[in-house]
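Participant: Got a predicted model here, sequence first, then my questions.
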Amino acid sequence: MIDLILQARRSIHLSTLILAGDEVGTEIVARIAEKARAGVEVRVLVDALFRFRTPRRLLRMLRAAGPARPGSCRCGICRFAGTPT
C-alpha cells in the first residue's frame with residue numbers, strides 16, 4: 001500500500017475500518033500527509049465506531065496536512081456515516 005501511496009499523482013482515496021497507531025498505520029498516515037502537502041487530493045474514510053480507536057495524533061497529522069488556504073480541500077477525513085469531521 002505504501003508503494004501505491006508514493007506513486008499517487010492526483011488523488012488518494014483510503015477507506016478503512018481501523019486506522020491503528022502502530023508502525024504500519026503511522027507510516028501510512030505520514031506518507032498520505034506528505035502527498036497531501038505536495039498537492040495530491042486525499043480522502044480518508046474511517047468507520048464511525050472505530051474512528052474513536054484511531055489515535056488522535058494520526059488524525060492531527062492528517063488535518064495538519066490539510067488545506068493550505070480556505071476553501072481548498074486537499075486532505076479530508078470522514079466517517080462511514082458520512083459526517084465530515
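Facilitator: Received, thanks.
Participant: So for Gln7, what's the pLDDT?
Facilitator: Among the per-residue scores, Gln7 holds a pLDDT of 96.
Participant: Quick one: list the elements packing against the longest helix seen in the chain.
Facilitator: Scanning the chain for the helix with the most residues, using DSSP state H, yields helix 23-37. Secondary-structure packing of helix 23-37 (3 or more C-beta pairs under 8 Å, 6 or more residues apart in numbering; DSSP states H and E): helix 2-7, strand 11-16, strand 41-46, helix 56-64, strand 75-79. The C-beta positions use only the backbone N, C-alpha and C, and glycine is treated the same way.
Participant: Can you check the pLDDT for the most centrally placed residue in the chain?
Facilitator: Centrality entry for the chain: nearest residue to the mean C-alpha point is Val44, 4.3 Å, by C-alpha atoms, centre = their mean. pLDDT, Val44: 84.
Participant: I'd say it and Arg63 touch.
Facilitator: No: Val44 lies out of contact with Arg63 (C-beta atoms under 8 Å); the separation is 10.3 Å.
Participant: Surely Glu34 and Leu62 touch.
Facilitator: No: in this structure Glu34 lies outside contact range of Leu62 using C-beta under 8 Å: 11.0 Å.
Participant: Comparing these two, which residue is more hemmed in?
Facilitator: When neighbours are counted by other C-beta atoms under 10 Å, Leu62 comes out ahead of the other of Glu34 and Leu62, with 21 against 15.
Participant: Can you say which of the helices and strands packed on helix 23-37 is nearest to Gly25?
Facilitator: helix 56-64 (6.4 Å; C-beta to C-beta).
Participant: helices or strands up against that closest one?
Facilitator: Using 3+ C-beta pairs under 8 Å, 6+ apart, helix 56-64 sits against helix 23-37, strand 75-79.
Participant: related to what we said a few turns ago, dump the helices and strands packed on helix 23-37 into CSV; add distance to Ala30 as well.
Facilitator: Listed next are the helices and strands packed on helix 23-37 as CSV, based on distance: least, C-beta to C-beta, whole Å:
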stretch, distance to Ala30
helix 2-7, 10
strand 11-16, 13
strand 41-46, 12
helix 56-64, 7
strand 75-79, 13
